[in-house]
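In: With the sequence up front, the predicted model follows.
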Amino acid sequence: MNFIKRIKELWINFVLFRFALIIHLSYFIISYICVLTIFREQNDFLIYFNAGGIFYNDINNLYDQDQYLWDYRYLPLSAVFFVPFYLLGFELGFTIFHVLNLIVNIFTCIFLYKICNFIKGKDHEKDDKRIIIFISFYLMAIPHMFNYILGQINSFITLFMLISLYIFLKYSDLRWQFIGSLILGFSIIVKPTAILMIPFLMFFRSNSSGSKKYQLNFFISLVRFIGIILPIATNLFFFIIYPELWEGFVRTNFTGSNPITLNFSFSITKLWLNFCYIYNIPFNQIIVLICITVILTVLGLFFYIYGSFDRSFNKNNQNNSILYGFIFGMLIILLAYYDSWDHHLLNLIPLLIITIFEMPRDSEITKKYIKQSLFFFCFFDLAFFGVWFLTMYYFYFPYNFASTIFLILIFYAICKYGLNNKGVR
């Protein structure tokens, strides 16, 4: 009742929030009509729908890409999530899935509010007006339209990540640390977007008396690793029982022809592969992927381990380093994997909003890097999707690099902030 009352208050008194809700509901309604009419045969939900059907009827052919419009590249258990929608039929299945997407976005906003309010420093405003403003920006973010119209599952991944992050931040005992990592592991089963967050689940505590600034807390780190690995490891059962699944999974994601196809992905790996493809430069996509992933992961881990992310000015005085572990993991997957699309930014945008409230209120890093990147991802990124098609077909210039630049700037900003262990902006 308090939640509904608060929403009514915001609707009456907060024009931006009211406008954001109208815009978001417009995304929801327009995309629903488009999927069932114009894009009935061209949407990602159709891929998930077919995967659920194949898993249910003939699991050995789950990675037979001839049965899909676009490649199905997720873990086997991901298809289980879509079996109920398959059994309902496409129209009813999509309708329920679409409504669930909307409900998930509502809960995402709730957890985003809770985390921002919990994590914000003492130098931030006491009221929640500024938090509502940024939640409104999130609701209006154009990638939502792209996510809805494709029937994508990024909203589910975002909610799982935020629930996991909230648990990590608020509860320090091992039981909750295990539950938080278990939820994150489940998100990876549904879609492996958070897979590179695993190395950043290490927990460090202050060690001001010793020579090292931080000391690894082995037990918390181990519990987190066990929690996240357990759900993912259940896929091994299917890979062992059905060897064809493992071969198909590897071929689809790493060694096949799909990773080298020209497309508008904004990852560094894809930009480099597009460059090599255009100019007939010999390359091995696996080597390119591994090199870029390793370089970014090593850099991220270095700054994460030796940086200082648990700021003393936070009102709750908790260790906030896990937030930056989440951000590093998300940035690395977006910059390194072959396919990084506009709708994937829905996983990053809430983390950037939380960062704005974790950093000092007058932080130069926030002003110069985080906010500008946030607004670009929310309102301008999708325009470069159209620019890519124009430059690709008229000038044969297949490089969607605008988002790449902003992702690199965020990576640099977080590294810079981490090294600044005295709270300097």
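Out: Looks like it arrived, so ask away. Numbering: from 1, shown residues only.
In: CA only for contacts and neighbour counts going forward, please
Out: Will do.
In: and the longest helix for the chain?
Out: If you go by DSSP state H, the chain has its longest helix at helix 90-119.
In: where does the stretch 101-250 of the chain have low pLDDT?
Out: Within the stretch 101-250 of the chain, the ranges that satisfy pLDDT under 70 run 203-216.
In: at 90 instead, please
Out: Applying pLDDT under 90 to the stretch 101-250 of the chain flags residues 121-123, 125-127, 172, 201-221, 250.
In: now the helices for it?
Out: According to DSSP state H, counting those that start in this stretch, the stretch 101-250 of the chain carries its helices in the segments 129-140, 143-150, 154-170, 174-190, 218-233, 235-241, 243-250.
In: Show residues contacting the last one.
Out: Translated: helix 243-250. If you take C-alpha atoms under 8 Å, 6 or more residues apart in numbering as the criterion, helix 243-250 is touched by 60-64, 73-76, 238-239.
In: and it, C-alpha only, in CSV?
Out: The C-alpha coordinates for helix 243-250 follow below in CSV (Å, rounded to 0.1, in the frame of the first residue of the first chain):
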residue,chain,number,x,y,z
PRO,A,243,27.9,-34.3,-26.4
GLU,A,244,26.4,-32.7,-29.5
LEU,A,245,25.3,-29.8,-27.3
TRP,A,246,28.8,-28.9,-26.2
GLU,A,247,30.1,-29.1,-29.8
GLY,A,248,27.2,-26.9,-31.0
PHE,A,249,27.6,-24.4,-28.1
VAL,A,250,31.4,-23.9,-28.8
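In: and residue 343, how many residues sit next to it?
Out: Using other C-alpha atoms under 10 Å, the number of residues around residue 343 comes to 23.
In: Surely it and residue 149 touch.
Out: No. Residue 343 lies out of contact with residue 149 (C-alpha atoms under 8 Å); the separation is 10.2 Å.
In: just checking, which of the contacts of helix 243-250 belong to helices?
Out: Among the contacts of helix 243-250, the members found in helices (DSSP H) are 76, 238-239.
In: between those, which has the most around it?
Out: Of all the ones in helices among the contacts of helix 243-250, the highest neighbour tally under other C-alpha under 10 Å goes to residue 76, namely 26 neighbours.
In: Leaving out the residues flanking it, which one is nearest to it?
Out: Nearest residue to residue 76, sequence neighbours excluded (C-alpha to C-alpha, 6 or more residues apart in numbering): residue 235, at 6.4 Å.
In: For that neighbour, which residues are in contact?
Out: Residue 235 is in contact with 75-77, counting by C-alpha under 8 Å, 6+ apart.
In: Against residue 197, how distant is it?
Out: Plainly put, residue 235 is 19 Å away from residue 197 if you go by C-alpha to C-alpha, to the nearest Å.
In: what's the answer for residue 405, then?
Out: The spacing between residue 405 and residue 197, counted by C-alpha to C-alpha, is 21 Å.
In: buried set for stretch 94-108?
Out: 94-95, 97-98, 101-102, 104-105, 107-108 (16 or more other C-alpha atoms under 10 Å).
In: again, but for stretch 391-405
Out: Under 16+ other C-alpha under 10 Å, the buried positions of stretch 391-405 are 392, 398-401, 403-405.
In: next one: stretch 130-149
Out: Of all the residues in stretch 130-149, those buried under the rule 16+ other C-alpha under 10 Å are 131-132, 134-149.
In: Residue 52 against residue 82, yeah?
Out: Yes. At 4.7 Å, residue 52 counts as touching residue 82 under the criterion of C-alpha under 8 Å.
In: Who has more neighbours out of the two?
Out: Neighbours per residue (other C-alpha under 10 Å) separate residue 52 from residue 82, with residue 52 holding more: 26 against 23.
In: residue contacts, that one?
Out: Per C-alpha under 8 Å, 6+ apart, neighbours of residue 52: 79-86.
In: quick one: contacts of stretch 31-50?
Out: Outside stretch 31-50, the residues that touch it by C-alpha under 8 Å, 6+ apart are 67-72, 79, 82-83, 85-86, 90-91, 94-95, 98, 145, 148-152.
In: ok, now with 6 Å
Out: Defining contact as C-alpha atoms under 6 Å, 6 or more residues apart in numbering, one finds that stretch 31-50 is touched by 86, 148-152.
In: Show me the helices in the stretch 301-425 of the chain, by range?
Out: Counting by DSSP H, counting those that start in this stretch, the stretch 301-425 of the chain has helices at residues 321-336, 345-358, 364-365, 371-379, 383-395, 402-419.
In: which one of those helices is the most hemmed in?
Out: Burial of the helices of the stretch 301-425 of the chain is given as mean neighbour count (mean count of other C-alpha atoms under 10 Å); helix 321-336 ranks first at a mean of 24.
In: just to revisit the earlier point, so for residue 305, which of the helices of the stretch 101-250 of the chain sits nearest?
Out: helix 218-233 (13.0 Å; C-alpha to C-alpha).
In: Report the inter-axis angle for that closest one versus helix 174-190.
Out: 30 degrees (axes from the mean of the first three to the mean of the last three C-alpha atoms, to 10 degrees).
In: list the helices and strands helix 218-233 packs on?
Out: helix 174-190 (3 or more C-alpha pairs under 6 Å, 6 or more residues apart in numbering; DSSP states H and E).
In: So what angle separates the directions of the helix it packs on and helix 154-170?
Out: 160 degrees.
In: can you list contacts of helix 174-190?
Out: For helix 174-190, the external contacting residues (C-alpha under 6 Å, 6+ apart) are 78, 157, 160-161, 164, 167-168, 194, 223-224, 227-228, 231-232.
In: Then stretch 74-88?
Out: Under the contact criterion C-alpha under 6 Å, 6+ apart, stretch 74-88 has outside partners 49, 51-53, 93, 189-190.
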